[in-house]
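*Asks:* need a 3D model of the following:
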Amino acid sequence: MLKIDLTGRRALVAGVADDDGFGFAIAKAFAQAGATVCVATWPPALNIFRNLLERGKIDDSRRMHDGSLLQFEKIYPLDAAFDTLEDAPPEIRENKRYRDLGDFSIEGLARSLEADFGPKPLDIVVHSLANGPEVKKSLIHTSRAGYLAAMGVSAYSMISMVNRLGPLTRYGGAFCSLSYMASERVVPGYGGGMSSAKAALESDTRVLAYEAGRLFGVRVNTISAGPLASRAASAIGIVEILTSYYEANSPITDKLTAEEVGNAAAFLCSPMASGITGTTMYVDKGFHAMGIAVDRHTPGTYDPVAKP
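*Replies:* You can find the predicted model right below:
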């Protein structure tokens, strides 16, 4: 039987702070395929996440197919707005949620991984990071600071991670990020420069696939996922509208699950996808293929088939 097998591989998933987002689902899929998994968490959410784990509050979500609980080999602090600790301003470094964490930058993460596991400790790196402080503002009303903040964490940090973690990744390894359809279509309400950041992320994926492939022998891909009504996505303010619209207008009208995105990431980062790099993979029930909204009165419209 052909199956995804990540036994003996170590994955780092950056951007896990709870149990209902794509990052957690990807980490779980990797573990169920046999990988050991480390995660990196935004410092303001780190203690909350650790408490959820320690108190068993998310044990149901951690339950894997064999009945065991998802375990994280290491949980690292990471604020992807900063390439080095020196980049963080004093008010951040001295903040009570940061000051006792050591080096929470991308460079600090790389050093910690090498210190904990030695040279070439990684096989898989997932960038599940985004920041849109002005996401509820239209693009035309987004400030320069808000736009650059969105670009910095949501797009540039992927470049920084490949730069710093590529040398720590074994030959044949894989990097993967998460994008969204707003990179190429207008999604009113998804503002603050986030559409620009996702477009940059997809473009950078192609360039990084070439550069990291030649420099480190690793693959770089991104997944364009449909909307998920997670706690993080609720910051957008329109996520329920988006999920309903996708369900009404996609070829497959079932609700998209985080597990489906996790499974796609497990495949894309496995040896089974060794020939795939520089690609944007759509995991959105086929919504990306549609040209217009589906209306009952539109000629050629089909009602959804009943689920068995």
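*Asks:* look up how far S177 lies from N263.
*Replies:* N263 is 17 Å from S177, where distance means CB to CB, to the nearest Å. In this view, the C-beta of every residue, glycine as well, is placed from N, C-alpha and C.
*Asks:* the two - which one has more neighbours?
*Replies:* Neighbours per residue, other CB atoms under 10 Å: of N263 and S177, the larger number sits with S177, 31 against 19.
*Asks:* would you say R170 is within a helix?
*Replies:* No - R170 sits outside any helix when classified using DSSP: H, G, I helix; E, B strand; the rest coil, being strand.
*Asks:* so what's it up against?
*Replies:* Applying CB atoms under 8 Å, 6 or more residues apart in numbering to R170 gives the contacts K120, L122, D123.
*Asks:* outside of stretch 33-48, which residues touch it?
*Replies:* With CB under 8 Å, 6+ apart as the test, stretch 33-48 has contacts from 4-18, 23, 27, 30-31, 49, 70-79, 97-98, 101, 104, 109, 113, 123-124, 266, 270.
*Asks:* of those, which belong to helices?
*Replies:* Counting by DSSP state H, the contacts of stretch 33-48 place G23, A27, F30, A31, F49, L109, L113, A266 in helices.
*Asks:* and the pLDDT at the residue nearest to the last one when sequence neighbours are not counted?
*Replies:* In space, A266 comes closest to A29 once its chain neighbours are excluded; the distance is 4.1 Å by CB to CB, 6 or more residues apart in numbering. Among the per-residue scores, A29 shows a pLDDT of 98.
*Asks:* any idea how far A29 lies from I4?
*Replies:* Remark: distance between A29 and I4 (CB to CB) = 8 Å.
*Asks:* how many residues are close by Q32?
*Replies:* Neighbours of Q32 using other CB under 10 Å come to 19.
*Asks:* now do the closest residue to it other than its chain neighbours against F30, distance only.
*Replies:* Closest residue in space to Q32, ignoring its immediate chain neighbours: M64 at 5.2 Å, by CB to CB, 6+ apart. In this view, M64 and F30 are 11 Å apart by CB to CB.
*Asks:* for G192, list the residues it contacts.
*Replies:* Applying CB under 8 Å, 6+ apart to G192 gives the contacts G132, P133, E134, V135, K136, K137, L139, T142, G146, Y147, A150.
*Asks:* M64 and F30: who's more crowded?
*Replies:* The neighbour count for M64 versus F30, taken as other CB under 10 Å, is higher for F30 (28 against 13).
*Asks:* the more buried one contacts V13, doesn't it?
*Replies:* Yes - under the criterion of CB atoms under 8 Å, F30 makes contact with V13 at 7.3 Å.
*Asks:* what bits of the protein have low per-residue confidence?
*Replies:* 230-235, 295-302, 306-307 (pLDDT under 70).
*Asks:* spatially central residue for it, please.
*Replies:* For the chain, the residue nearest the mean C-alpha position is S128 (2.1 Å; CA atoms, centre = their mean).
*Asks:* how many residues are close by S68?
*Replies:* 11.
*Asks:* same thing with R185?
*Replies:* Here the number of neighbours of R185 (other CB under 10 Å) works out to 11.
*Asks:* next, the distance between the ends of stretch 137-153.
*Replies:* Between the start and the finish of stretch 137-153 there is a gap of 18 Å, counting by CA to CA, to the nearest Å.
*Asks:* give the buried residues for that stretch.
*Replies:* Using 16 or more other CB atoms under 10 Å as the test for burial, stretch 137-153 gives K137, L139, T142, G146, Y147, A149, A150, M151, G152, V153.
*Asks:* about what we covered before: so which of the contacts of G192 is the closest to M161?
*Replies:* Comparing the contacts of G192 against M161 with CB to CB places A150 closest, at 16.9 Å.
*Asks:* roughly how far does the residue nearest to that closest one when sequence neighbours are not counted sit from E134?
*Replies:* Distance criterion CB to CB, 6+ apart; nearest residue to A150, sequence neighbours excluded, is G193 at 3.9 Å. As judged by CB to CB, G193 and E134 stand 7 Å apart.
*Asks:* looking at these two, which is more packed in?
*Replies:* Taking other CB under 10 Å, G193 and E134 do not tie; G193 has more neighbours (26 against 19).
*Asks:* nothing else from me, thank you.
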